Structures are given as structure tokens and as C-alpha cells.
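Asks: Could you work out the structure for the sequence below:
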Amino acid sequence: MKAMKFALMLMCSLLLVACGGGGGGCTAVSWAFGSGAGSTCEKGQAKPSSTGTPGTLSGVAAGGAPIIGNVEVTDALGAKRGATIEANGRYTVDVQGMTAPFVLKAGGRVGGTWVTYYSVALASDVGGTINITPFTDIIVSSLAATVADKFGNGADPAKVNWANIEQARLALYNKLYPLLKHMGIEDGIDFLRSAFNADHTQLDALFDVLEFHSNPATHEIAIRDFMNQVTLATIDVTKPIDGVPIAPGSLPVHVGDDIRQIVKVIEDFGALFATQLPTAQQLATSGLLDTSNDFLDAGLPFQQWADELSSNVALIGWKIVSVDVKINADGVTATATGAAQNSQGVIREEVNKTRFVKKQGRWLFQGDGLIADVGFKAAQIYDQNRDTLWSGIGFGVDPFAYNNSRVAPARAVTASVAGPGLSTPLLLAQHLYDTWLGEAAPGELTTTRGNEIGQCPGLNNWACLITSNIADNSSYKLILRDGTGGALNGEGYDIKLGLAPLPTSSLTRSMFGTIGQVTIDGQALKPAAFTPNKSLQVNFTLPAHRFVSSIEVQARGVTGLPYFRIEKPLLAGNTSVLIGWTAPENNVTVNALHFRLCTYDLSGRKFVTNYTVPVR
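Replies: All right, here's what the predicted structure looks like:
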């Protein structure tokens, strides 16, 4: 499984597919400026390049990369319909029978960050293109006079009408016009209705160099130059958009060339796994990877990383479906995040940033730069035996690869995590029966506890989380330490959470999978049945709208020592799985099997079912 994650950290990084179209009855320039002298467009006329299906709203939902998530349309009466955003950023929602005007909300991940962008549509937009981007979000924020949840119960026709939309749209266009010209974007683009491709060209190239920060307390949206970390403008949405042009300053014009080169590196890398596994030698000579000592991925140097990838058949058929690339101010280093899609069409998102470096004019992948396999994710837990539900965060830290090439005391044996919801730093230590770190008491160098920390008051843990203090995209500081207590990663890694955990009070059993009958070679579970070369069959059921991820089984012995653990990826539609049973370790007689069934909802939240089956 490690090898699979290593590849996904790269393959999850980048590739965007073209979308959109063109053509129409009036020019884009005349549409952008509405009716007036020399214009052939009348207000309410169908927008050029509106090539959608009658009775639907469709377009692109993106913000530097396609949003990995969903679109929800709310009509004037509060009725809602939704759809999943495609890998290229396109969405289509059937709005037949609904009442205009409409408010559209796109929620999901862009570059490892959870975003929510809004847009609006009128009756005349049905059958045409309506985009959902940071720019349309500013327009809707201006209509609603807030950056918080906008028109959640339905569009207010007094605010969402042609005149108000056009006033906000044209004011924002005028304000951004110098940036558009600076980036070589065609005149007259309509942020709401002009079809565009999420491929790092034209309008999408502008999203690559900008970042947007909303402040609900002040109702302001800051537009920033990402590379130079300069605020270009701050828009107070409680007032009409002033239309005063923004000076582009030193906004990088040609950064799109570098971004497209990095995307090409990742496309070519993915092609190596399209139908078969490449050899380690093919990876080394591909010209896509930095094979020097600067390479590091989850604690692995290049050769070990390449060896693991080239032997993991589970990677065959994976492809990249979304990407966000950020070029650093030095112009020769960059980071990338995104998502990968397996051969069954299931999207698996990875949020850790991967590094790229430009050497001798070529961009090369350098790994994530971390000395451990790290992933922090909101976790919702169902204990099927106890019939209890709780919510928290899984603080995944596995330094196995790093430790495997070192001896004590140089190995990473403890860690601390500080951040929102933790009143004191969470302490982690080497798990006694596994490779990852689990929750520990002060001074402990080993532990038997897990790494999922629940909502306060705590369960069976030293620590607990004040979940009301945890917001989406919260950042945590992770410091790994050796046996002497010395920090191994300097001032630490900043690890982003993504979505905040759901409140425990909101959880229901219907959100989780359920583990059913378990047999070994079709027979009841008995200690004598656990001999080599047997097949363990696990049956389970899943709720609707869940992506199945994996199931883990751990055998436990009469002394409490586990001697068998395997995690097996599952495919869409699976309701059972066969797990090959090999020779036991430690010569321990099995008295229980512990299962973890992991699924994800459409938003990327993890739902885990824990279940222990006695062996009698």
C-alpha cells in the first residue's frame, strides 16, 4: 500500500482535460458590455458559446484546477438538485420543473484545499453555460452583500435579477481588466457565461497566479498575487463593486508555460503505468524524475521509491484527473497537488504537496520531501460491536521507510502535533505492533493506542479534540523526534487537514458500512481453521453515495499479540472480499479478528466501521 500511495502522491498531482465550446449569435465583446452603441446583443438573449442541453445548467466549476466535488442548484422556492463535477471540471444539472432565478454552489477540493464557490443563473441561462469560479463567487457575494452562505434558502428575485447581475459582472470585469490584458486574455470575457477550458490557458491561467481569501467577519475578499505574496485588491462585498482597475504589478505572465510543462511531466509519468508497470530502470531514465540525493518521498530515496513502484500492480491504469500547480517566487521550484482516478473510475484524492525542481531547463519530480508517510484526515467512526458513533481526526504518521535504513537512536520514534482543537500538543510514539505512530502518554517511546483522536470529552485516549475550534483547511504543525528527543524535521511540517470532522451529534448509523458474515474457506471461524493457504471471506454492506476504499483485517492471539494484518483495496460495487491467509507469525493461536472498513462520501470525508469477530 505504501508504494501505491507514493505513486498517487505524484499521479494525484496534475493533468487537466479540456472542456467547453464556442459559437453563438452575438459577439463576446458586445455581450460583455450589454446593449449599447454598436452592440448586436439584447439583454436576455442567449449567450454566445452556450452549448448546453435544453433544460439544464452546465459549465465549468474550477479555481486553478477542476473542483473535485459537487454542484448544488437552489431555485427561488428553495428546491435543490445536484450533480457530481466531472474530472475536467464540467458539471450538468437538470433544472426542468424548477423556478428561476437559481443559485449554484460548487463545493470540493482544489489543490488539497476545500473551497466553496457560488454562481447565479436566470431563466434565460437555462440550456446555456454558467461557470462557477472565484470570480462568479465575488459577483454573488456582491449580490448577497456577504461572503458567508449566500442565498442558501433560495435566490431572492429582488437581488438576483438581470440588472443587479449585470452591474456586478461589468464592475468586476472593469476592475480586473488590467489583469486580463496583462495575462493575454481575450477582451469581453463573461465570467458567468463564457465557456473556457480548465487547462491553464486564458482565464484558467489567471487562476493559477491568483489566490482568494474571504473574511466572513469583515465581508471582504482579498485578491492576491500568489508568487509575490502581494495583495492586489480587497473587495468589500457589502458595497457595490467599484470597478476601479487593479494594477497587475509584477504578476507573472509566463508562469503558465512552466505549469504546462509540469503537467506534461505528470501526463508522461502516468502514461508509463497505463497498461503495465515500468521497470525501476525505465523510471530512472524517463527524464521525468530527479534521481539525485535531493529526491525524498515519504522517507524513501529515489531508488527504493522506484523499486516499490515498479512492483506494485495496483498502480496499473491510474490516471490524473485534476491538478493545482504553484510556482514559487524563485521560478525554479514548484509544488503540485491534485487527484488521481483508478481504472474503475474512482477518484482518490491525495492532499500532500509534491515538489518539482527545474534543472537544466527541465522540470523534474522530487517527491513530497517528507521523512514519513503523513496524512491527516477527518474521521467519522462507527464501533459496530458497541454500537457507538464518534467523530475526530486520524493523525496518520508512518516513518517506516525512514526508520528501515537507520538504527536507534536515529530513528523517528515519537512526534508531536499542534493545531486547532488541541488544547495541548498531541503526543505520538512508535506503535508496538505496527510501523506507524499512535497516541502516547508523556515520556512513552512505544504505544498500543491508535492515531484517531475523538471529540471531547475523550474516549479511551489521553487527548481529545474541541471540534468546534476546527475549521475546514486547518493547518497542523508536525515535529518528528529521534530516540534522544531531537527534532528530525527542523521546525516541523505544516500539514493541512482539509474538511473538518462532522459533529458527533450529526452522525447516524446509516452513514457507515456494516460488516456481516466472516468465514474461512466457507467454514465457521475456529482456531484450528487458521492454517496457511486459506481464504478469509468478509461480507459487508455499504450506504448509498459512498466510495469504498479499503478493508483491513488484523488477527489477534490469546496473548494479545497481533500476528497478521493486511489492508486490501476494494473496488466499486464490492460487497465481499477474499483475503489470502498465509503462515502465522509468533506462533500465536488466533482468538479474534479485528476489521476496519473505510469508505468516503462525495465530499472526501472518511467513514470507518470497526468490528471485532471472536474466533471460537
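Asks: and the helix or strand containing G82, which residues are buried?
Replies: Here G82 is covered by strand 80-84, with elements defined by DSSP states H and E. Taking 16 or more other C-beta atoms under 10 Å as the basis for neighbour counts, the residues of strand 80-84 that come out buried are 81-83. From N, CA and C alone the C-beta is placed, and that goes for glycine too.
Asks: same question, stretch 367-382
Replies: Buried residues in stretch 367-382, counting neighbours by 16+ other C-beta under 10 Å, are found at 367-382.
Asks: do stretch 76-96 as well
Replies: In stretch 76-96, the ones that count as buried by 16+ other C-beta under 10 Å are 76, 81-83, 85, 87-93, 95.
Asks: Walk me through the domains of this structure.
Replies: If the domains of the chain are taken from automatic domain parsing, they occupy 2-13+255-367, 28-206, 373-506, 509-614, with pieces of a single domain joined by a plus sign.
Asks: now those in TSV, with distance to N215 and mean pLDDT?
Replies: Listed next are those as TSV, based on distance: least, C-beta to C-beta, whole Å; pLDDT from 0 to 100:
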stretch	distance to N215	mean pLDDT
domain 2-13+255-367	22	85
domain 28-206	7	84
domain 373-506	13	92
domain 509-614	23	82
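Asks: how about those, which one is nearest V230?
Replies: Across the domains of the chain, the minimum distance to V230, taken as C-beta to C-beta, is reached by domain 2-13+255-367, at 10.6 Å.
Asks: Tell me the helix or strand right after the longest helix seen in the chain.
Replies: Using DSSP state H to assign secondary structure, the helix with the most residues in the chain is helix 162-182. For helix 162-182, the succeeding helix or strand toward the C-terminus, using DSSP H and E, is helix 202-209.
Asks: Identify the neighbouring strands of the helix or strand immediately after that next one in the chain in the sheet and state each direction.
Replies: Secondary structure here is assigned by DSSP H and E; on that basis, the next helix or strand after helix 202-209 toward the C-terminus is strand 210-215. Paired neighbours of strand 210-215 in the sheet (DSSP bridges): strand 220-225 (antiparallel).
Asks: Distance from whatever helix or strand comes next after the partner strand to the middle of the chain?
Replies: Towards the C-terminus, the helix or strand next in line after strand 220-225, according to DSSP H and E, is strand 230-236. Distance, stretch centre to chain centre, for strand 230-236: 27 Å (C-alpha atoms, centre = their mean, to the nearest Å).
Asks: Counting by contacts, list what the next helix or strand after strand 230-236 packs against.
Replies: On the C-terminal side of strand 230-236, the closest following helix or strand by DSSP H and E is helix 255-271. In terms of contacts (3 or more C-beta pairs under 8 Å, 6 or more residues apart in numbering; DSSP states H and E), helix 255-271 is packed against helix 2-11, helix 202-209, strand 319-327, strand 333-341, strand 347-359, strand 362-367.
Asks: out of the ones you listed, nearest to T508?
Replies: Between T508 and the helices and strands packed on helix 255-271, the tightest spacing by C-beta to C-beta is seen for strand 347-359, at 24.3 Å.
Asks: circling back to that earlier point, now the strand holding G82 - C-alpha only, PDB.
Replies: What follows is strand 80-84, C-alpha atoms only, in PDB (Å, rounded to 0.1, in the frame of the first residue of the first chain):
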ATOM      1  CA  LYS A  80     -32.400  21.800  -4.600                       C
ATOM      2  CA  ARG A  81     -30.800  19.500  -7.200                       C
ATOM      3  CA  GLY A  82     -27.200  18.500  -7.600                       C
ATOM      4  CA  ALA A  83     -24.600  16.700  -9.600                       C
ATOM      5  CA  THR A  84     -21.000  15.500  -9.300                       C
END
